[in-house]
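Novice: fold the following and give me the result.
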Amino acid sequence: MKNRILGTVIAAAALAFSVGAQAQDAIKFGVAAEPYPPFSSKNAAGVWEGFEIDLMNLVCEEMQAKCELVEVAWDGIIPSLQEKKIDVIWSSMSITDRRKEVIDFTEMYYDTPAVFVAAKGSDIQISSEGLNGKIIGVQTSTTHADFAQKAYGDVAEIKIYDTQDNANADLVAGRVDVLLADAIALDAFLQSDTGKDYEVKAQAPDDPIFGEGVGGGMRKEDDDLEGKLNTAIKALLENGKYNELAKKYFDFDISGRSS
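Specialist: The predicted model follows:
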């Protein structure tokens, strides 16, 4: 009898430990391994930093959750989510109808326009006629690549890059005539010594292909996690912590919400 009671106690303790361990499992936030300043990049010490990294930490603090950053190649980030290698895509992913067919999104947590960048003093015109025969550099698996192909694919060469840094490098090397990318990401390039001879030529027109701002991507069945993330994002917007963080990186509102 004592052995049976002891066995029951041990089994109950093991079950409690298992439930407790599951409760402590870290939420895995997938971040593209490629640098994307000022949103996410590694510093000289190899530590991830940037607006999205800081926002991730605030969101996890608000949820009182243990979180883990997982590096994933950008062009494999949705498969990594579906294969449960990560739980959330937190990597400047635009909320688009096409992506919503396969994954769900949190509420938007930032929104910035797309812009065209080319050499200062160049007379390049951002139009079908002006880009005829030109080479447009874009990063793979982005709304910018989709728009460039849709709008100019019949008149220009659309050159696809694995990272934005490589696209920037080819602009400087003269292998690309114009870049199309996120305004803030390109601003970091324009403010650098390498990009000082380049400038914004035009903002991309409004188009549904650019989506509804940037949000965190999740598996469709993870409704509980989606609810917790949305509650945390909303709380940060309401308690002022979002704006306090954003002001460290930007001198304008990137929340995508009217004041």
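
Novice: check which element follows the stretch of helix or strand Phe116 belongs to along the chain.
Specialist: Secondary structure assigned from DSSP states H and E places Phe116 in strand 114-119. Scanning forward in sequence from strand 114-119 by DSSP H and E, the next helix or strand is strand 135-139.

Novice: tell me the angle whatever helix or strand comes next after that next one makes with strand 114-119.
Specialist: The first helix or strand that comes after strand 135-139 along the chain, using DSSP H and E, is helix 143-152. For helix 143-152 against strand 114-119, the angle by axes from the mean of the first three to the mean of the last three C-alpha atoms, to 10 degrees is 80 degrees.

Novice: coming back round to it: so how far is the strand holding Phe116 off the chain centroid?
Specialist: Put simply, strand 114-119 sits 20 Å off its chain's centre (C-alpha atoms, centre = their mean, to the nearest Å).

Novice: now that strand against strand 135-139, angle please.
Specialist: 130 degrees.

Novice: how many neighbours does Gly133 have?
Specialist: 9 (other C-beta atoms under 10 Å). Quick note: C-beta positions are derived from backbone N, CA and C, even for glycine.

Novice: do the same with the one 4 residues further on
Specialist: Counted with other C-beta under 10 Å, the neighbours of Gly137 add up to 27.

Novice: partner residues bridging it?
Specialist: The partner list for Gly137 in beta bridges (DSSP bridges) reads Lys159, Leu179.

Novice: ok, it to Gly215 distance?
Specialist: Separation of Gly137 from Gly215 (C-beta to C-beta, to the nearest Å): 26 Å.

Novice: hang on, the earlier thing: tell me the average confidence for the strand holding Phe116?
Specialist: For strand 114-119, mean pLDDT is 98.

Novice: helices or strands next to that strand in the packing?
Specialist: Judged by 3 or more C-beta pairs under 8 Å, 6 or more residues apart in numbering; DSSP states H and E, the packing partners of strand 114-119 are helix 143-152, strand 178-182, helix 183-190, strand 198-203.

Novice: Gly137 and Glu221: what is the separation?
Specialist: Using C-beta to C-beta, Gly137 is found at 37 Å from Glu221.

Novice: returning to that earlier point: measure how the strand holding Phe116 sits relative to strand 178-182, angle-wise.
Specialist: Using the same axes, to 10 degrees: strand 114-119 against strand 178-182 is 150 degrees.

Novice: partners of strand 114-119 in the sheet?
Specialist: Next to strand 114-119 in the sheet, as set by DSSP bridges, lie strand 178-182 (antiparallel), strand 198-203 (antiparallel).

Novice: of those strands, which stretch is the most buried?
Specialist: Of all the strands paired with strand 114-119, strand 178-182 has the most neighbours on average by mean count of other C-beta atoms under 10 Å, namely a mean of 26.

Novice: could you check the angle that strand makes with helix 183-190?
Specialist: Computed with the same axes, to 10 degrees, the direction of strand 178-182 lies at 130 degrees from that of helix 183-190.

Novice: what's the mean pLDDT across strand 178-182?
Specialist: 97.

Novice: same deal with stretch 163-175?
Specialist: 97.

Novice: please save the CA atoms from that stretch in PDB.
Specialist: As requested, the backbone C-alpha atoms of stretch 163-175 are provided in PDB (Å, rounded to 0.1, in the frame of the first residue of the first chain):
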ATOM      1  CA  THR A 163      20.000  40.700 -48.400                       C
ATOM      2  CA  GLN A 164      19.400  44.500 -48.500                       C
ATOM      3  CA  ASP A 165      23.100  45.100 -47.800                       C
ATOM      4  CA  ASN A 166      24.000  43.200 -51.000                       C
ATOM      5  CA  ALA A 167      21.600  45.300 -53.000                       C
ATOM      6  CA  ASN A 168      23.000  48.500 -51.500                       C
ATOM      7  CA  ALA A 169      26.500  47.300 -52.400                       C
ATOM      8  CA  ASP A 170      25.600  46.700 -56.000                       C
ATOM      9  CA  LEU A 171      24.100  50.200 -56.300                       C
ATOM     10  CA  VAL A 172      27.400  51.600 -55.100                       C
ATOM     11  CA  ALA A 173      29.300  49.300 -57.500                       C
ATOM     12  CA  GLY A 174      27.200  50.500 -60.500                       C
ATOM     13  CA  ARG A 175      25.500  47.200 -61.100                       C
END
